[in-house]
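1. give me a 3D structure for the following:
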Amino acid sequence: MVNEALQWVALAAVFLLLLGIYRQLALVTPAPNRVETGGPTVGRRLPDGIWKRVRSLQQGDERDAVIAFVTEGCQGCSRLLASIDRQRPSLEHGLVLVARKPSDEFAELLAKLGHPIIEDLNGDLWQQAHVTATPLLVRITSDGTVAQKEVANDLAVLAPA
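-> Down below sits the predicted model:
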C-alpha cells in the first residue's frame, strides 16, 4: 500500500516537472511560433476601463506605452520585474504595471521600480482585458490600440514602436 502511494506521488512530481518544462519552453519560443494566450486583441482598442486609467497615469505622455500585468506568486513576473529594474534608465516608452490583488509588500516592491502602478483589487481590469497568463506584456499605441502582446519575462521581446 505504501509503495503504491509513493508511486502516485512520484508520478505527480514527474507531471509537475513536465508542466514546468513546458512553461519554460513557451517563454523562450520565438514570438512567431507562439500561440497567443489571452489578453486584449491585437489591432483593437484597449477596453475603456484600462485605457482611461493608463492615460491618467501617463500625465500627458503621448508615446506608446507598455502595460505589464503581473501577480505576486509568479516566477516569470519576478524575472520581469528584475529586468525592468535593470532597464529603468533606458526604457524608451511609458510603462504601467497592473497588479492583481497585490499584498502590501508586493505593492511596495512595485512602487520602488518607479513606474505607475494600477492595483486591480477586485480583478475587474484583468477580466476586461481577458488576462489568462502572466507576465503579460501589452504594447499600446498613443490612441490605445493594442499593437503587440506577449507572455514573457523580459521587455526586450516587444518590438520597438
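2. tell me the helix or strand right after the lengthiest helix in the chain.
-> Ranked by residue count, the top helix of the chain under DSSP state H comes out as helix 2-28. Sequence order places helix 48-58 as the next helix or strand after helix 2-28, per DSSP states H and E.
3. name the residues of that following helix that are buried.
-> For helix 48-58, burial by neighbour count (16 or more other Cβ atoms under 10 Å) applies to 50-51, 53-55, 57-58. Quick note: C-beta positions are derived from backbone N, CA and C, even for glycine.
4. same deal with stretch 99-117?
-> Applying 16+ other Cβ under 10 Å to stretch 99-117 flags 99-100, 102, 106, 109-110, 113, 115-117 as buried.
5. now those residues in JSON lines, with pLDDT?
-> Below are the buried residues of stretch 99-117 laid out as JSON lines (pLDDT from 0 to 100):
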{"residue": "Ala99", "pLDDT": "94"}
{"residue": "Arg100", "pLDDT": "91"}
{"residue": "Pro102", "pLDDT": "92"}
{"residue": "Phe106", "pLDDT": "93"}
{"residue": "Leu109", "pLDDT": "91"}
{"residue": "Leu110", "pLDDT": "91"}
{"residue": "Leu113", "pLDDT": "88"}
{"residue": "His115", "pLDDT": "87"}
{"residue": "Pro116", "pLDDT": "89"}
{"residue": "Ile117", "pLDDT": "91"}
